[in-house]
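> sequence? don't have it. structure:
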Ligand code: PLP
């Protein structure tokens, strides 16, 4: 089925099949007791109330510019440095190696663009993988247009970059290798330690986009052996619009924005102190959670994965079965559109996401799923359910109750053949 036909069908599903969302949590729908279940934590997380409370004074009382010499500015500056220490501690870095940015996208752009430009005289080759977030892939494409050589590594069917594939692609003039730590769609975790060590053999610098892993699994820059790392606060119960770039001491990056000398001349612009305070507090809380070594999220993920496969035929789990983010479930349902499943789930109070999005009349399957070797048809039926610290076994069981009849009904009205 062509993409415009798919979109028309989706629009029909939107019109016909989506009943108004009941206001009351207690209300029943199709015999099911309604619940509100947020399973889109890889897209973003709610701000932890403790984090929010830590931030508020930096909007209301201590609102001075952290570059100002007066007492309020100095208080803000101290809070900023405290936040830097908290983030550095979560990553096993020194505070002086943390540059606050406006999020993961900016950190990715700064790492790749400024490192490649600063080292362009000696090395002009950059390597990345086919399953990166667009913050990396589009930045690499931009660099290729600027005259740098780009190699995009394939992944295997579980979404893993095989070390030998990287070894073969490396060249004496490889400046930078950028491979994500955990994938945002299928949840696969890469063996960053090995990939970084291989890259260092030819003198290349290693960057990892750790936006999805920081706060969810242990991430220590020294253990991983990375030179550059991007993180984002809103994926770990912190505010949006703040993130950081870790740059190992001595790695030649530069400022990506022109302006003032903030962040040791590495990020121009008045610093978002409340955001940094929130990010710092979120990092501290994440560290406490990780120290507890709690396996609940992993078990919830396994229960959901198992339950889906057992209850729904013609279904494929995607990503690595073991080396994956806890609480992340990625699945493709044959003969249905991911977006129509999302709309139906939403009408039952369940919030999830899909690898494909129907924008401007075209429905493109996820580049990540295609890179795993899935066909367009299968990739179109993808759904991602990503759990967080507040999800419960009741949430999982509710999804397992509601999802099978949704898929059955959608398949019955699907023009895709079942
Ligand atoms: N990298 C990955 C792997 C992501 O999942 C995301 C966001 O979803 C980003 C980068 C972008 O981060 P931000 O939203 O902070 O710009």
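Sure, I can see it. Worth saying up front: this structure is predicted, and the values here are computed from it rather than measured. Numbers count the residues shown, from 1 in each chain.

> so what pLDDT did the closest residue to residue 215 other than its chain neighbours get?
Distance criterion C-beta to C-beta, 6 or more residues apart in numbering; nearest residue to residue 215, sequence neighbours excluded, is residue 236 at 3.0 Å. Any C-beta I mention is one placed from the backbone N, CA and C, and that applies to glycine too. On the pLDDT scale, residue 236 is placed at 98.

> and residue 11, by the same measure?
Per-residue pLDDT puts residue 11 at 54.

> which parts of the stretch 301-418 of the chain are helices?
338-347, 367-371, 376-379, 393-413 (DSSP state H, counting those that start in this stretch).

> quick one: which of those is nearest residue 201?
Among those, the nearest to residue 201 by C-beta to C-beta is helix 367-371 (25.3 Å).

> any residue of that closest one up close to the ligand?
No: for a cut-off given as C-beta under 6 Å from any ligand atom, helix 367-371 has no contacts with the ligand; the smallest distance is 10.2 Å.

> which strands and helices lie in contact with that helix?
Packing partners of helix 367-371 (3 or more C-beta pairs under 8 Å, 6 or more residues apart in numbering; DSSP states H and E): helix 376-379.

> packing partners of the helix it packs on?
In terms of contacts (3+ C-beta pairs under 8 Å, 6+ apart), helix 376-379 is packed against helix 367-371.

> what comes into contact with the helix it packs on?
130-131, 137, 154-155, 159, 183-186, 318, 332, 355, 376, 378-379, 382 (C-beta atoms under 8 Å, 6 or more residues apart in numbering).

> also near the ligand: which of those, exactly?
Among the contacts of helix 367-371, proximity to the ligand is found for residue 184 (C-beta under 6 Å from any ligand atom).

> and the contacts of helix 367-371, which are buried?
Neighbour-count burial (16 or more other C-beta atoms under 10 Å) is assigned, among the contacts of helix 367-371, to 130-131, 137, 155, 159, 183-186, 318, 332, 355, 378-379, 382.

> what's the closest of these to the ligand?
Distance ranking of the buried ones among the contacts of helix 367-371 against the ligand, using C-beta to the nearest ligand atom, places residue 184 first at 3.4 Å.

> quick one: residues contacting the closest one.
With contacts defined as C-beta under 8 Å, 6+ apart, residue 184 is in contact with 42, 133, 211, 212, 368.

> residues near the third one, how many?
If you count neighbours by other C-beta atoms under 10 Å, residue 211 ends up with 29.

> so how far is residue 265 from it?
Per C-beta to C-beta, to the nearest Å, residue 211 is found 24 Å from residue 265.

> same question for residue 209.
Counting by C-beta to C-beta - residue 209 and residue 265 are separated by 24 Å.

> higher neighbour count, those two?
residue 209 (30 against 11).

> just checking, that one touches residue 131?
No: Residue 209 is beyond contact range of residue 131, at 10.6 Å (criterion: C-beta atoms under 8 Å).

> can you report phi and psi for the residue lying closest to residue 281 once chain neighbours are set aside?
Nearest in space to residue 281, with sequence neighbours left out and distances taken as C-beta to C-beta, 6+ apart, is residue 54 at 4.2 Å. Reported as degrees, to the nearest 10, the phi and psi values for residue 54 are phi -70, psi -30.

> which of the contacts of helix 367-371 fall in strands?
Per DSSP state E, strands hold the following members of the contacts of helix 367-371: 332, 382.

> ok, the helix or strand residue 177 falls within: who's next to it in the sheet?
Element membership of residue 177 [criterion: DSSP states H and E] is strand 174-178. Partner strands and pairing direction for strand 174-178 (DSSP bridges) are strand 125-129 (parallel), strand 205-209 (parallel).

> which of the helices of the stretch 301-418 of the chain sits closest to residue 220?
helix 367-371 (25.8 Å).

> run the chain-centre distance for that closest one.
15 Å (C-alpha atoms, centre = their mean, to the nearest Å).

> and the stretch 51-200 of the chain, which residues reach the ligand?
103, 104, 105, 108, 133, 135, 180, 184.

> among those, who's most crowded?
residue 108 (30 neighbours).

> I'd say it and residue 136 touch.
Yes: between residue 108 and residue 136 there is a contact at 5.3 Å, judged by C-beta under 8 Å.

> what touches both of the two?
Common neighbours of residue 108 and residue 136 are listed as 178, 209 (criterion: C-beta under 8 Å, 6+ apart).

> pLDDT averaged over stretch 149-169, what's the number?
In the prediction, stretch 149-169 has an average pLDDT of 98.
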